[in-house]
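Participant: with the sequence up front, the predicted model follows.
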Amino acid sequence: MIYAHSANANGDWHPLQEHLASVAKLAGQFSNNLTWQDEVRLAGLLHDLGKYADRFQARLKGQDSGLDHWSQGAWVALTEHRAIAAALAIQGHHVGLQRANKDALGRMNLQGLTQNHPFRLALR
């Protein structure tokens, strides 16, 4: 079983698949059927994608620390779905809002990201 969070006060662990599906559903509900509802759901579904990694699961057991578990989802949103708002929302949820102007987006090194990103390497 892959988990989203370590055990709560009752000793219950939260399965990651359930967490991501719940966040996607709630995000869609909060969007009030606006035109960007699908992108909102996508952000919810991908926001903790990196928690599927073995190292993150070890972190939940106190065996590792300081891992980025969000940029994988932002990368998939941006490169696979061309969902810029979802990618920025995922990053913003974890590290604060990023600038979304043309200059800031133009400085993103997608070539380096797609070649060297750990999630991309794991797919090979």
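Facilitator: That came through, no problem.

Participant: give me the pLDDT for the most centrally placed residue in the chain.
Facilitator: Among the residues of the chain, the one closest to the centroid is residue 47, at 2.4 Å (CA atoms, centre = their mean). What the model reports for residue 47 is a pLDDT of 91.

Participant: same thing with residue 21?
Facilitator: Per-residue pLDDT puts residue 21 at 96.

Participant: my read is that it contacts residue 45, right?
Facilitator: Yes. With contact defined as CB atoms under 8 Å, residue 21 counts as touching residue 45 (7.3 Å). Where you see a C-beta, it was placed from the backbone N, CA and C, and this is true even at glycine.

Participant: higher neighbour count, these two?
Facilitator: Between residue 21 and residue 45, counted using other CB atoms under 10 Å, the more crowded position is residue 45 (21 against 14).

Participant: for that one, which non-adjacent residue is closest in space?
Facilitator: What sits nearest to residue 45 in space, not counting adjacent residues and going by CB to CB, 6 or more residues apart in numbering, is residue 24, at 4.1 Å.

Participant: chain center to the helix or strand hosting the one you found: distance?
Facilitator: Secondary structure assigned from DSSP states H and E places residue 24 in helix 16-30. Distance, stretch centre to chain centre, for helix 16-30: 12 Å (CA atoms, centre = their mean, to the nearest Å).

Participant: after that helix, which helix or strand is next? Please name it.
Facilitator: Scanning forward in sequence from helix 16-30 by DSSP H and E, the next helix or strand is helix 37-46.

Participant: in terms of secondary structure, what does the helix or strand following that following helix contact?
Facilitator: Downstream of helix 37-46, the first helix or strand assigned by DSSP H and E is helix 54-60. If contacts are counted by 3 or more CB pairs under 8 Å, 6 or more residues apart in numbering; DSSP states H and E, helix 54-60 sits against strand 3-5.
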